[in-house]
Structures are given as structure tokens and as C-alpha cells.
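Asker: Provide a 3D model corresponding to the input given below.
(chains A and B)
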Amino acid sequence: MAKLVVLFYAAFFSGVIVMYEGVSQITPLYIRVAQTLGASELEIFRKVIIPLTVPHILTALRVALGVAWATLVASELIAAQRGLGALIQNASTYFLLDVIYVGIICIGFVALVMDMILRAISKRLLVWQERAIS
Amino acid sequence: MTDTVNKGVRAQFEHVSLAFDTPKGKLQIVDDVNYAIHDGDFIAVIGPSGCGKTTMMNMLAGFQKPTSGRVLFDNAPVRGPGPERGVIFQEYGVFPWLTVRQNIAFGLTLRANRVAPGEREAICDHYLSLMGLSDFANSFPKHLSGGMRQRLAIARAYAVKPQFLLMDEPFGALDAQTRANMQNLLLQVLAAEGKTVMLITHSVEEAIYLASRIVVVTARPARIKEIIEVPFAYPRDESIHERAEFGQLRSYIRELVMSEYRAQQAQTSFSE
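Answerer: All right, here's what the predicted structure looks like:
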């Protein structure tokens, strides 16, 4: 539980900053268009602001995920009781190189899988986006 | 065009002025503008770029409030944007996250002008075929060319059936052929649906070809320099470009606009 709090604390602010900067770049043009078509405040929020925010939510999630993993590696290696971090620590005490490598590769692999899942979700949700790199 | 006098007034500018407070002092954008737009009019507002003509349109659209004077629409002061005043923006503003069909349907899904799903599809189909976008109905705007995006923006504005259209240099970014094509399409749609239009433009030809009345605006601050009736009856076609009156009117208006442009240039270099 304490681990979760530390990770959340580390990742939350980087995510918020990325998201805040992204959302503040949204052009008021789309809001004006919606207004001239007769949209109410609530409709503008639901049908214009939210779709425009989704890409920034996803970017913020990816950044937060990266920060969370970096923090996780550090915290696991210092104070882990059980799990992959503890496995690596114990193995290093007995100089079991193969076990250490299994631990490291597992951590990297899980992070990679999580990022791939997030990228797949982004790709699905953002088919409409015009991108220079796809 | 003498019959315009008898028609009802839709929009009216009454001693409208607008100024901004800048660090350098007060900047007057629009200065004591007075004119009325009657039902069925096609008004083109023309003037040097940066003179405040878009600001005039923004006040009627409800995005900006005059510092003094009143902007009336159907005899009531404009309070904010509304679906009875359709706006077509210079930058199109097509929603990139919706398909072409969903873009056209957007206005019809709002509470202000909601229609039954069946009717909504019918309206979408009508404008898809009118604008030649049927083949792209389910594509996203990123696959469309500039001209197609513009047609989509026009279709989306038309779909909620505004009686009054405000167009801010709608064809400014298009190539010459697409522009001519879009102008003709606009004339066709107007002939079929009878709307009142205020068009902001910097093209003298476009103003004469489309409008029933041309409002020439001065260099900043925008005042009305002259209001010119265009002596051609609707329906119009491209042949009016060849008429002698067209050429005379064009040189006359171009000279008016150019003199204001020079005034604006002098003013800008003076202030810097």
C-alpha cells in the first residue's frame, strides 16, 4: 500500500503537468463553432472538450507510467520485502547472476507490455488524428 | 435592388464602436458603424486586411461585444452566439475527431435543434451529395483536401438551417478553380434556400460576383466608407465577369480599397 502511494505521488504531478499544457493548447475555434451551431455549455463540454482532451489524457498516462516505473525500480531495489525487487536483492547477496538478470528482464518486460497496451488503446481512440509519425 | 427597402431588417449596427485597451493606449478597432442588413440581402464587407471587418462580424455572431452602440438581430441586442446565425470560419473549424457524416450531423444532435434520427440521416445525405462528399461520408477530415474541408464546414452550417449566414473569408485559402466552383455552389444553394448573408472578403471580384450590396470599410479603425448596390440580378453566372459594368465597378471598388490600404500602410509605419 505504501508503495502504491509513493508511486502515485511520483507519477501524478508529471501527468498533470503534461495534461494541463496539452489542454491549454486547445484552440477556441472548435468551441466557437459548436456555439454557433447552438451547443449549450454542457454539450460543449461533452461533445467538444472531452474528445479534444482524450489525446492529452493518453499522453499524460504514458508519461506518468514512465515516471512510475522509474520510481518503482528505485524503490524496489532499496526497500522491497517481496516481489521482483526482493528477488533481485536476495540474488545479489548470493551473487546469483542468472536470477538477477531474470529479475531485471521481467521488470523491463512488464513495463514494455504496459506501454504497448497503452499505445494500442491510443491508436484505437485516436484514428482521427493527423500525425507526422505513425 | 430597390426592393430591399421594403423587406424586414434582420441585423442592424447602431453607432457601433469597439476599442481595446493595450499597453500603448486605447486601440480603436471599429468606429461608429451604422448599417442594416435586410432579409434576403447578400452583403459583402470589403476592406484592407486587419481593418476590423472580422471584428464587425464577430459582434454580430456574438463573440465580441461593442464598447458602445448596439448590434441588433431581429430587433433584439445580440447576447451571444446562436444557431439562427450560422458562421463559416476562415479556418473551417471542421471537427477532426468526427467523420464527415458526423460533422454534418453535429448540429442536429444538439438539444437546440434536435431532429429524429431518420430525418437527420436524410439531411446528412442531402448535403453530402450537394457538396459532393458522398464518397467520403465515413472518412475523417484528415483525408480531405482544403476545398473539401471548406465544403464540409459549409454543409455543417447549412444543416441546422440558419436563416442568416456569416462568412469570414470562406474561400480565401482555396485555389482559383475551387474558389470559383465554391462561389457558384453558394449561389445555387442560396437561390434554392433563400438566406441572408454577410460575407467578409478581400476579393473585389468575389464581392461583386456574389453580393447584392457591398460595404467598403476604411483602414483601421473600421468606418463605413461607402455602400454600393450591385446592379446585377440573381440568378447570376460567370458571364457577368465579362460585362462592362462589372469591369467599371471592379476598378471603382479596387481604387477605394487600395486607397484605404495605402492609408493603413502609412498608419502602421507611422506607429512603429
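
Asker: Could you use CA atoms for every contact and neighbour count after this?
Answerer: Fine.

Asker: can you list the residues that contact stretch B:230-244?
Answerer: B:1, B:184, B:187, B:191, B:208-209, B:211-214, B:246-247 (Cα atoms under 8 Å, 6 or more residues apart in numbering or on different chains).

Asker: Just give me the least confident of those.
Answerer: pLDDT across those is at its lowest for B:Met1, which sits at 41.

Asker: would B:Gly50 count as being in a strand?
Answerer: No: using DSSP: H, G, I helix; E, B strand; the rest coil, the assignment for B:Gly50 is coil, not a strand.

Asker: Just confirm it contacts B:Thr218, I think it does.
Answerer: No: B:Gly50 is beyond contact range of B:Thr218, at 10.5 Å (criterion: Cα atoms under 8 Å).

Asker: Comparing the two, which residue is more hemmed in?
Answerer: B:Thr218 (26 against 15; other Cα atoms under 10 Å in any protein chain shown).

Asker: Buried residues in stretch B:32-45, which are they?
Answerer: Buried residues in stretch B:32-45, counted by 16 or more other Cα atoms under 10 Å in any protein chain shown: B:32-34, B:36-45.

Asker: Including secondary structure, could the residues you listed go into a markdown table?
Answerer: Formatted as a markdown table, these follow (three-state DSSP):
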| residue | secondary structure |
| --- | --- |
| B:Asp32 | strand |
| B:Val33 | strand |
| B:Asn34 | strand |
| B:Ala36 | strand |
| B:Ile37 | strand |
| B:His38 | strand |
| B:Asp39 | coil |
| B:Gly40 | coil |
| B:Asp41 | coil |
| B:Phe42 | strand |
| B:Ile43 | strand |
| B:Ala44 | strand |
| B:Val45 | strand |
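
Asker: burial measure for residue 76, as a count.
Answerer: Looking at chain A here, since you left the chain open. 19.

Asker: meant chain B actually
Answerer: 12.

Asker: List phi and psi for it.
Answerer: The phi/psi pair for B:Ala76 (degrees, to the nearest 10) reads phi -120, psi 140.

Asker: can you give me the strands for the stretch 151-272 of chain B?
Answerer: B:164-168, B:196-201, B:213-217, B:224-229 (DSSP state E, counting those that start in this stretch).

Asker: Could you export the first one as PDB, CA atoms only?
Answerer: So that's strand B:164-168. The C-alpha coordinates for strand B:164-168 follow below in PDB (Å, rounded to 0.1, in the frame of the first residue of the first chain):
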ATOM      1  CA  PHE B 164     -28.700  34.100 -41.600                       C
ATOM      2  CA  LEU B 165     -25.200  33.200 -42.600                       C
ATOM      3  CA  LEU B 166     -22.000  34.900 -41.600                       C
ATOM      4  CA  MET B 167     -19.000  34.000 -43.700                       C
ATOM      5  CA  ASP B 168     -15.500  35.100 -42.800                       C
END
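
Asker: all helices in chain A, in order from the N-terminus.
Answerer: A:2-24, A:28-36, A:41-44, A:50-79, A:84-93, A:97-125 (DSSP state H).

Asker: cool, and chain B?
Answerer: Under DSSP H, chain B gives helices at B:53-61, B:100-105, B:117-130, B:146-159, B:176-193, B:204-210, B:244-271.

Asker: What about the residue of chain B found nearest chain A, how many residues nearby?
Answerer: When scored by Cα to the nearest Cα, chain B has B:Pro83 as its residue closest to chain A, at 4.5 Å. By the criterion of other Cα under 10 Å, B:Pro83 has 22 neighbours.
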